[in-house]
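Asker: Build the 3D model from these lines:
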Amino acid sequence: MKVRAPRHEHKFRQSFLNQWFLCPESARRKHLDLMPPETNNSNLVRGNAVHGAIEWFGGEWIETNRLPDAGDLIEFGLNEFELFANEDGTVWHQDAEQVEGAVRGNLDMWYTEVLPQLDRPTDVELYFNKVLYEDNDRVIRLSGTCDWIQDEWLVDWKNPSKAPRKNEMWIKHRSNLQSHVYTWALETPKFSLCHLSQPDVAWTHMERGPQDHAALTDLCLSVAIQIEANLPSAIQQWDSWYCSPKWCGAWDTCRGKFLGEDPF
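Answerer: Next up, the predicted model:
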């Protein structure tokens, strides 16, 4: 007897689930390719340069079992900065000199304050794409890329323009989706967000287990069912930083139809 293929196939990136939390309607549009392509901006330049340098450092450590020095790390990061900063159409929310200084400062902070807490990684920038759920009606796959893996610990580097507020960290510890997805996919319970923000490094340490992963499956199933309903719209979420003409590509066809291009 031939097995019938599921009627629906869902491929959710971890970043898509975060988008759903920010605004279901923007996530729906992005999932259906109804959003304009994301343009390069100074926040992406800063984050990509720092991530690229740490990835290079970890790869060298894995391959040679020797630590590159701080100067080489920063030089690599500044070269990455030049590469990303020169992309056509880059939007600068901060001056280029400020962003370059942040890249230098964040990498120096990582080398002096974070590196002593780390062991030699087993992988850096490890991509995964795995089936989370499958039945006769649907299959749901989750994908993502883990920045740093060592022993039984997963770490993700964050490069915020401002240090996270301490009174906001509790919600990350309780509900952070990235920690749920990565610990499930890589079967490693410990996950940390490392915020490289001046003047201090800020850590959020989390641990997720089977009950958390069961809840994650239930959440993803609810998102899949809503997408399958093929509704013309999802809920608009106004109460986050994302709902603004600066960040949301759907602004002018959504809330912006009524508030204009510069309401705030």
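
Asker: what about the strands in the stretch 151-264 of the chain?
Answerer: Taking DSSP state E, counting those that start in this stretch as the criterion, the stretch 151-264 of the chain contains strands spanning 153-158, 190-196, 201-207.

Asker: The last one pairs with which strands?
Answerer: Taking DSSP bridges as the criterion, strand 201-207 forms sheet pairs with strand 190-196 (antiparallel).

Asker: Name the nearest residue to Ile74, ignoring sequence neighbours.
Answerer: Closest residue to Ile74 apart from its sequence neighbours, by C-beta to C-beta, 6 or more residues apart in numbering: Leu107 at 5.0 Å. In short, each C-beta sits where N, CA and C put it, glycine included.

Asker: re the thing from before, out of the strands of the stretch 151-264 of the chain, flag the one nearest Asp137.
Answerer: Comparison of the strands of the stretch 151-264 of the chain against Asp137 by C-beta to C-beta identifies strand 190-196 as nearest, at 30.8 Å.

Asker: Please compute how far the closest one lies from its chain's middle.
Answerer: Distance, stretch centre to chain centre, for strand 190-196: 12 Å (C-alpha atoms, centre = their mean, to the nearest Å).

Asker: Show me which residues of it are buried.
Answerer: By neighbour count on 16 or more other C-beta atoms under 10 Å, the buried set for strand 190-196 is Phe191, Ser192, Leu193, Cys194, His195, Leu196.

Asker: Glu87: which of the residues you listed is nearest?
Answerer: Leu196 (22.2 Å).

Asker: Quick check: chain neighbours aside, which residue is closest to that closest one?
Answerer: Distance criterion C-beta to C-beta, 6+ apart; nearest residue to Leu196, sequence neighbours excluded, is Asn106 at 4.1 Å.

Asker: helix, strand or coil for Glu45?
Answerer: Careful, residue 45 is Val; it's not Glu. Here Val45 is helix, with the state taken from DSSP: H, G, I helix; E, B strand; the rest coil.

Asker: so which strand or helix has Phe57?
Answerer: Per DSSP states H and E: Phe57 is located in helix 42-64.

Asker: Now do that helix and strand 153-158, the angle between them.
Answerer: Helix 42-64 and strand 153-158 are oriented at 150 degrees to each other (axes from the mean of the first three to the mean of the last three C-alpha atoms, to 10 degrees).

Asker: If you count contacts, what does whichever helix or strand comes after helix 42-64 end up packed against?
Answerer: Where DSSP H and E defines the elements, the next helix or strand beyond helix 42-64 is helix 70-85. With contacts taken as 3 or more C-beta pairs under 8 Å, 6 or more residues apart in numbering; DSSP states H and E, helix 70-85 sits against helix 42-64, helix 96-109.

Asker: quick check, distance from helix 70-85 to the centre of its chain.
Answerer: Relative to the mean C-alpha coordinate of its chain, helix 70-85 is positioned 21 Å out (C-alpha atoms, centre = their mean).

Asker: Can I get the strands of the stretch 151-264 of the chain in JSON lines including mean pLDDT and distance to Asp72?
Answerer: Output for the strands of the stretch 151-264 of the chain, formatted as JSON lines (pLDDT from 0 to 100; distance: least, C-beta to C-beta, whole Å):
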{"stretch": "strand 153-158", "mean pLDDT": "97", "distance to Asp72": "18"}
{"stretch": "strand 190-196", "mean pLDDT": "96", "distance to Asp72": "18"}
{"stretch": "strand 201-207", "mean pLDDT": "94", "distance to Asp72": "21"}
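
Asker: of these, which approaches Arg29 most closely?
Answerer: Smallest distance to Arg29 across the strands of the stretch 151-264 of the chain (C-beta to C-beta): 25.3 Å, for strand 153-158.
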